[in-house]
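1. Show me how the following folds:
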Amino acid sequence: MGILKDGIQFTGSVGNISAYTTKGSDKIILRRKGGATKEQIATSPRFERTRENNSEFGICASTAGRIKRMMNAVNNLADYNFTSALSSLLRKRMQPRDTVSERGKRGLLFSQHAALLQGFRLNLKNPFESTVRQTPICSIDRATGKGVVQLPELTPGINLLLPPNPPLYRFVLGMGAIADIKHNGRDYTEINPKPLPAVFSTATEWHGNQQTFNAQRIELPLELPEGWDKTATFLLFIGLEMGKPLTASEIEEVKGRGCAVIAAVG
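-> As a prediction, the model looks like this:
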């Protein structure tokens, strides 16, 4: 893979070269077409390590997508393709910690290593902790499935550094659950295929960009279904959304100005 710096700028295919861009970058990436056939990769002993890598990469990518769907309430606040970064975190940091399973079948044990996700940012340019300078206090009660967030008093220009121009801001909060995933000898599956609580999300009222945010205690109660997977891990996320009024009662998000983070796990 190469990056086009000078010369003719293009995207698409020319001969055996493909050129494309990715979200969050203005660079054009070049990739050569071709390589081994699908049949060779699937059957040849030469590609055994490739098959192992593909298997583990695949479950990390699909699990990252599942977490992204869980955080649907704040996905719009991301400023880059964080799914790829999340998949990489699972692949490089969490999956290797399954030291019992053989390579190609290592699982994702959130119940043991979920702390790796705490603090995961959905933004590169203006991360949540650089905007909200006083950290919200978060707690998760596994017995009741309730998350609690204590948002501190925040004053724009002092401990709340808002981006310029958008006239309004508010906090968006949510919590969901994810189960451990292991390989059963044939494919990857949840260790305990039991129901998980549905995601819960909420938001504060809109505030003017010069208005102090008074401290608030916000509860995130998950409805725990009968026979739910008690080994599941809860993920609590917080976002800061910017907006502008369209009418007296309708507010539109100002895209590219918000931020979000996985604030707590438990």
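2. in terms of contact, does Glu219 touch Gly145 like I think?
-> No - counting by C-beta atoms under 8 Å, Glu219 does not reach Gly145; the two are 11.0 Å apart. All C-beta atoms are positioned from the backbone trio N, CA, C, and that covers glycine.
3. Looking only at neighbour counts, state which of those two leads.
-> More crowded of Glu219 and Gly145, by other C-beta atoms under 10 Å: Gly145, with 20 against 12.
4. and the more buried one, how far is that from Ile181?
-> Gly145 sits 21 Å away from Ile181, going by C-beta to C-beta, to the nearest Å.
5. And for Leu240?
-> 31 Å.
6. Of those two, give the one with the bigger neighbour count.
-> Leu240 (25 against 21).
7. give the contact list for the more buried one.
-> When contacts are counted by C-beta atoms under 8 Å, 6 or more residues apart in numbering, Leu240 is found next to 77, 128, 131-132, 169-172, 258-260.
8. Filter these down to just the ones in strands.
-> 169-172, 259-260 (DSSP state E).
9. Any regions of the stretch 101-250 of the chain where pLDDT drops low?
-> For the stretch 101-250 of the chain, no stretch is flagged by pLDDT under 70.
10. how about the CA coordinates for stretch 112-124, as CSV?
-> Extracted in CSV, the C-alpha atoms of stretch 112-124 (Å, rounded to 0.1, in the frame of the first residue of the first chain):
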residue,chain,number,x,y,z
GLN,A,112,-11.7,-10.1,31.8
HIS,A,113,-10.3,-7.3,29.6
ALA,A,114,-13.0,-4.7,29.1
ALA,A,115,-10.8,-2.1,30.8
LEU,A,116,-8.9,-1.9,27.5
LEU,A,117,-12.0,-0.1,26.0
GLN,A,118,-12.4,2.5,28.7
GLY,A,119,-11.4,5.9,27.4
PHE,A,120,-11.7,4.9,23.7
ARG,A,121,-12.2,8.1,21.7
LEU,A,122,-14.4,8.7,18.8
ASN,A,123,-12.5,11.8,17.8
LEU,A,124,-8.9,12.6,16.7
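11. Return the set of buried residues in the longest strand along the chain.
-> The longest strand of the chain (DSSP E) is strand 233-245. Using 16 or more other C-beta atoms under 10 Å as the test for burial, strand 233-245 gives 233-243.
12. Stretch 180-188 now?
-> Across stretch 180-188, burial judged by 16+ other C-beta under 10 Å covers 180-183, 188.
13. burial measure for Ala203, as a count.
-> Burial of Ala203 is recorded as 15 neighbouring residues (other C-beta under 10 Å).
14. Ser62 versus the residue nearest to it when sequence neighbours are not counted, what's the distance?
-> Sequence neighbours aside, Val172 is the residue nearest to Ala203 in space, at 4.6 Å (criterion: C-beta to C-beta, 6 or more residues apart in numbering). Separation of Val172 from Ser62 (C-beta to C-beta) stands at 25 Å.
15. Please say which of these two ends up with more neighbours.
-> A direct count of neighbours by other C-beta under 10 Å for Val172 and Ser62 places Val172 higher, at 21 against 12.
16. give the contact list for the more buried one.
-> Neighbouring residues of Val172 by C-beta under 8 Å, 6+ apart: 73-74, 77, 201-204, 238-241, 260.
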